[in-house]
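Colleague: fold the following for me, if possible:
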Amino acid sequence: MVNAQGADGLVDFLGGLKPDPTAFLFVLSDTYLGSTLTTIMTLLFATSVFAALLAFHNAVARYLFALGRDGLVPARLGRTHKVHLSPHAGSLSQTVLAVVVVAVFVITDQDPVLALFTWLTQLGTLAIITLMALASFAVVAFFLRHPDLDRNRLRTFVAPVVGGVAMAAVAVYAASQFGLLISKPGSALSWILPGLIVVAAVVGLVSAVVLKSKSPQLYEVMGRHRGDE
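Modeller: Here you go, the predicted model:
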């Protein structure tokens with residue numbers, strides 16, 4: 001993309017695409033491929049975004065269903081639809097949450113692409129990378145406690161440590177450059193948005209401690225349904 005436009009005039013060219021520099025790819029395709037293929041690319045991009053959003057929506061609905069089934073959130077969220085057997089309560093809850101978030105951006109007159117899409121997708125990506133790093137270290141911790149389950153050190157220690165360190169390094173670097181990722185370097189959002197991940201982690205830890213203190217039996221059986229699916 002840089003070579004197609006030319007490195008020397010790239011910054012000025014992107015500046016001229018305001019208010020939507022994300023159209024850069026389609027402007028290039030229009031120049032080199034023609035309007036027909038550009039229209040096809042635009043449609044494929046729209047359907048791809050919809051597919052990705054649907055996947056995230058379903059993932060959240062499933063998480064809420066699993067939490068509700070284990071009694072960690074209202075039990076209603078852990079029930080499936082009588083006819084379709086889908087986690088409909090979790091799906092509806094996620095829909096309401098999405099409507100509220102979109103409404104906030106609409107009321108504050110934020111750009112749907114440069115603000116809503118860019119900020120939240122970058123935040124979600126950073127959160128997933130962080131979870132990948134934590135999951136890798138969790139593998140190490142688990143097999144250190146239960147070494148008899150698998151004595152292959154490459155699989156239970158070396159690989160997850162390498163993966164965890166690599167993902168942690170990516171997460172730290174992405175967080176340090178988050179202002180550039182959301183096109184707002186130096187702004188308060190460059191640390192407020194990544195800070196939400198820390199807030200979520202703290203809330204999770206506190207919730208776990210409280211649950212373990214008040215309901216140790218429920219705490220012990222968390223995830224008891226994980227092998228049912």
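
Colleague: mind listing the helices for the protein?
Modeller: 2-5, 10-15, 24-32, 35-69, 88-107, 118-145, 153, 159-176, 178-181, 189-214, 216-220 (DSSP state H).

Colleague: can you list the low-confidence ranges for this protein?
Modeller: Along the chain, the model assigns pLDDT under 70 to residues 18-19, 224-229.

Colleague: hang on, the earlier thing: okay, the helices of the chain, which one's buried deepest?
Modeller: Among those, ranked by average contacts under mean count of other Cβ atoms under 10 Å, first place goes to helix 178-181 (a mean of 18). Any C-beta I mention is one placed from the backbone N, CA and C, and that applies to glycine too.

Colleague: so can I have JSON lines of the helices of the chain showing distance to His81?
Modeller: Below are the helices of the chain laid out as JSON lines (distance: least, Cβ to Cβ, whole Å):
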{"stretch": "helix 2-5", "distance to His81": "49"}
{"stretch": "helix 10-15", "distance to His81": "47"}
{"stretch": "helix 24-32", "distance to His81": "40"}
{"stretch": "helix 35-69", "distance to His81": "11"}
{"stretch": "helix 88-107", "distance to His81": "4"}
{"stretch": "helix 118-145", "distance to His81": "27"}
{"stretch": "helix 153", "distance to His81": "45"}
{"stretch": "helix 159-176", "distance to His81": "36"}
{"stretch": "helix 178-181", "distance to His81": "38"}
{"stretch": "helix 189-214", "distance to His81": "28"}
{"stretch": "helix 216-220", "distance to His81": "25"}
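
Colleague: contact partners for the nearest residue to Phe143 once chain neighbours are set aside?
Modeller: Of all residues beyond its chain neighbours, the one nearest Phe143 is Thr156 (3.8 Å), with distances taken as Cβ to Cβ, 6 or more residues apart in numbering. Taking Cβ atoms under 8 Å, 6 or more residues apart in numbering, we find Thr156 in contact with Val139, Val140, Phe143, Pro147, Asp150.
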